[in-house]
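Colleague: this is the structure alone, sequence omitted:
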């Protein structure tokens with residue numbers, strides 16, 4: 001996966017390479033991040049409540 005950009009968030013933005021980047025939002029720095037349930041394809045969606053940036057990770 002590619003690095004996320006600091007441009008305004010889209011519905012689903014490219015995710016940072018590591019899930020650990022989400023200890024704080026890689027876009028706005030907020031610590032208000034939410035981990036969603038595991039999807040059928042094995043990915044997990046993580047999103048920032050402050051700016052709306054969303055990424056999917058295979059865990």
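Modeller: Everything's here; your move. Small disclaimer: the values here were computed from a predicted structure and weren't measured.
Colleague: can you check what pLDDT the model gives the closest residue to residue 47 other than its chain neighbours?
Modeller: Counting by CB to CB, 6 or more residues apart in numbering, residue 47 lies nearest to residue 54, which is 4.2 Å off, once chain neighbours are set aside. In this view, the C-beta of every residue, glycine as well, is placed from N, C-alpha and C. At residue 54, the model reports a pLDDT of 91.
Colleague: tell me how many other residues surround residue 54.
Modeller: Residues lying near residue 54 (other CB atoms under 10 Å) number 18.
Colleague: distance of the residue lying closest to residue 51 once chain neighbours are set aside relative to residue 36?
Modeller: Closest residue to residue 51 apart from its sequence neighbours, by CB to CB, 6+ apart: residue 28 at 4.3 Å. Remark: distance between residue 28 and residue 36 (CB to CB, to the nearest Å) = 19 Å.
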